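> give the three-dimensional model of this entry:
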Amino acid sequence: MSTTTSHTPPESEGQPEGAATAGTRPVRLIQNEATTEIPVHLLFRDDLDPVKVPLKPAVVGRRQGTGEQPRPRRPVPVRRRPLPQADPELVERPARALPGAAGLLAGACGIAGCLGATWWAGLLPPLAAEALGLRAYTGTGLGPAQWAAYAGAGTLGLVGFGGLTRGRTGRAWVLGLFGRYRGTVRRTGLLWVNPLVLRRRVDVRLRHWRSETMAAADPDGMALRVVVLVVWRVRDTARATLGIEDHEAYLRECVEAALARVPVEPAGGTRGGVTAAGDALTRLVATEAAGIGVEVFSVQPVRVEYAPEVAAAMHRRRIAALDARQRASMLTSVVDSVEDTVTRLTMRGLVELDDYERKVLVRDLTVAFCSGRGEPV
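All right, here's what the predicted structure looks like:
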């Protein structure tokens, strides 16, 4: 359904482009320098869906400063890339380790074999033979059999004594053979492990680290200098030693990155203080350090102070806020005292006051109470 108007534009104004020729019904347009061209008959059509006419960029630019609210846009979610994880197959597993007595026994057998080969070759001195309870034997000299006995006994002794190691409480051995992870030994006492494996000692005790002064910010964006205390330990020795080059340096970097993302409020604040900031830092650092086998128990700020460039200004701000609170408290106390005094005087019938006298009494009492409160103690 189209609607026409009785008013026809004068011929002197000219017709827009696309006007109908003679014999056809002209299409009336609304044209303005700030809007696009919209046919008039489309403005009054309710039987069809509304026509969406895109505005030109120039039109959007002219609308700025007119008070018109822009259309709300749906926020685009920022997808954070997940942190790289260590090799999923690189997980701590126990390594094979024998009691140290087995290594001692193998080493003793190797020494005994070497002595026996020496006696067999006739090279053992008579005094040593008597001390060992052996009879004198001239021997047959060093032959292939004697050299083979020397090699076997020597190898047995080297393997027995070379594989001896000592396991300590709170320490672990990470074993590797030809570049491949072979397991972790957490047992304590005298142990025997394969002497061919590469051993790497790892501290698995509960440890704490007090950081140096790090840069941070409060909820208002003011620069801070923060010292944090981190309590942590190595939970997966394989990932902590083989999955990353230096897990301690990585932990320090995680703490510094978390301080850049979590605002820290000095003590006495109204937004949770250092307790809330410590909980947020602990969750964040523990999540990022779990992938390398490090377990973080606590990340707590132990010293929070403003940076030197803003410390003086923040000190004056705190003093002003404290003075304002004291003034408000004093004013409330004075008003309550004046109200109580006037109420008691009038309720007990000690004085009869009209409006003017009541105002004068209230003023005098207020001045007196304020003067008394303001005197130094």
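> let me know how buried E245 is, in neighbour terms.
Residues lying near E245 (other C-beta atoms under 10 Å) number 8. Backbone N, C-alpha and C define where each C-beta goes, glycine included.
> hmm, I typed the wrong one, I wanted T118.
T118 sits with 20 neighbouring residues when counted by other C-beta under 10 Å.
> what's the helix or strand where it lies packed up against?
Assigned by DSSP states H and E, T118 belongs to helix 100-120. Applying 3 or more C-beta pairs under 8 Å, 6 or more residues apart in numbering; DSSP states H and E, one finds that helix 100-120 makes contact with helix 144-162, strand 164-167, strand 189-192.
> give me the contacts around it.
Contacts with helix 100-120, where a contact means C-beta atoms under 8 Å, 6 or more residues apart in numbering, come from 124, 129, 132, 134, 137, 139-140, 145-146, 149-150, 152-161, 163-164, 189-192.
> how about 7 Å then?
Contacts to helix 100-120, defined as C-beta atoms under 7 Å, 6 or more residues apart in numbering, come from residues 124, 129, 132, 134, 137, 139, 146, 149-150, 152-154, 156-157, 159-161, 163-164, 189-192.
> one more: stretch 257-270?
Residues outside stretch 257-270 that contact it (C-beta under 7 Å, 6+ apart): 214, 216-219, 224, 226, 271-274, 277, 280-281, 284-285, 301, 304.
> restricted to strands, list those residues.
M214, A216, A217, L224, V226, P301, V304 (DSSP state E).
> and the fifth one, bridged to which residues?
Put plainly, it is V226. Beta-bridge pairing of V226 under DSSP bridges involves M214, V304.
> which residues are in contact with it?
Per C-beta under 7 Å, 6+ apart, neighbours of V226: M214, A216, L259, V264, P301, R303, V304.
> if we use 8 Å, what do you get?
Residues in contact with V226 (C-beta under 8 Å, 6+ apart) are T213, M214, A215, A216, L259, V264, P301, R303, V304.
> tell me how far it lies from V302.
Per C-beta to C-beta, to the nearest Å, V226 is found 9 Å from V302.
> quick one: the strands in the stretch 251-377 of the chain?
294-306 (DSSP state E, counting those that start in this stretch).
> in it, which ranges drop under the pLDDT threshold?
267-273, 311-315, 317, 372-377 (pLDDT under 70).
> if we use 90, what do you get?
Counting by pLDDT under 90, the stretch 251-377 of the chain has low-confidence residues at 260, 263-278, 291, 303-377.
> the stretch 101-250 of the chain now?
112-147, 149-150, 178-179, 213-225, 243.
> for D236, which non-adjacent residue is closest in space?
G293 (2.9 Å; C-beta to C-beta, 6 or more residues apart in numbering).
> the one you found against Y250, yeah?
No: between G293 and Y250 there is no contact under C-beta atoms under 8 Å: 10.7 Å.
> more neighbours, these two?
Between G293 and Y250, G293 has the larger neighbour count (other C-beta under 10 Å), namely 24 against 17.
> from C109, how far off is that one?
With distances taken as C-beta to C-beta, G293 is found 40 Å from C109.
> could you do A172 as well?
30 Å.
> between these two, which is the more surrounded one?
Neighbours were counted for A172 and for C109 using other C-beta under 10 Å; A172 has more, 23 against 14.
> so that one sits in a strand?
Yes: according to DSSP: H, G, I helix; E, B strand; the rest coil, A172 belongs to a strand.
> wait, isn't it in contact with V202?
Yes: using C-beta under 8 Å, A172 is in contact with V202, at 5.0 Å.
> shared neighbours of the two, anything?
T184, T237.
> now T241: which helix or strand?
With DSSP H and E as the test, T241 turns up in helix 237-242.
> so what touches that helix?
86, 90-93, 172, 174, 176, 181, 184, 200, 202, 204, 234, 247, 291-294.
> can you flag the buried ones in those residues?
If you count burial by 16 or more other C-beta atoms under 10 Å, the buried members of the contacts of helix 237-242 come out as 86, 90, 92, 172, 174, 176, 181, 184, 202, 204, 234, 247, 291-294.
> closest to M347 among those?
The closest of the buried ones among the contacts of helix 237-242 to M347 turns out to be V294 (C-beta to C-beta; 72.3 Å).
> that closest one pairs with what?
For V294, the beta-bridge partners under DSSP bridges are V234.
> any idea how far G152 is from it?
V294 is 46 Å from G152, by C-beta to C-beta.
> same check on R171?
R171 is 35 Å from G152, by C-beta to C-beta.
> ok, now L206?
Taken as C-beta to C-beta, the span from L206 to G152 is 47 Å.
> can you check R186 too?
34 Å.
> looking at those two, which one has more neighbours?
Remark: of R186 and G152, R186 carries more neighbours, 17 against 14, as counted by other C-beta under 10 Å.
> got the contact list for the more buried one?
Neighbour list for R186: P94, G167, A172, V204 [criterion: C-beta under 8 Å, 6+ apart].
> picking that back up, now the helix holding T118 and helix 144-162, what's the angle there?
Helix 100-120 and helix 144-162 are oriented at 160 degrees to each other (axes from the mean of the first three to the mean of the last three C-alpha atoms, to 10 degrees).
> helix or strand right after helix 100-120?
Immediately after helix 100-120, counting by DSSP H and E, sits helix 126-131.
> tell me how far that following helix lies from the chain's centre.
Distance, stretch centre to chain centre, for helix 126-131: 72 Å (C-alpha atoms, centre = their mean, to the nearest Å).
> what is the burial count for L365?
17.
> verify the contact between it and D336 for me.
No: under the criterion of C-beta under 8 Å, L365 is not in contact with D336, lying 11.6 Å apart.
> contacts only, for E212.
V227.
> try 10 Å this time
Neighbouring residues of E212 by C-beta atoms under 10 Å, 6 or more residues apart in numbering: R225, V227, V228, R252, E256.
> V274 versus the second one, what's the distance?
To tie it back to what came earlier, the one meant is V227. For V227, the distance to V274 - C-beta to C-beta - is 11 Å.
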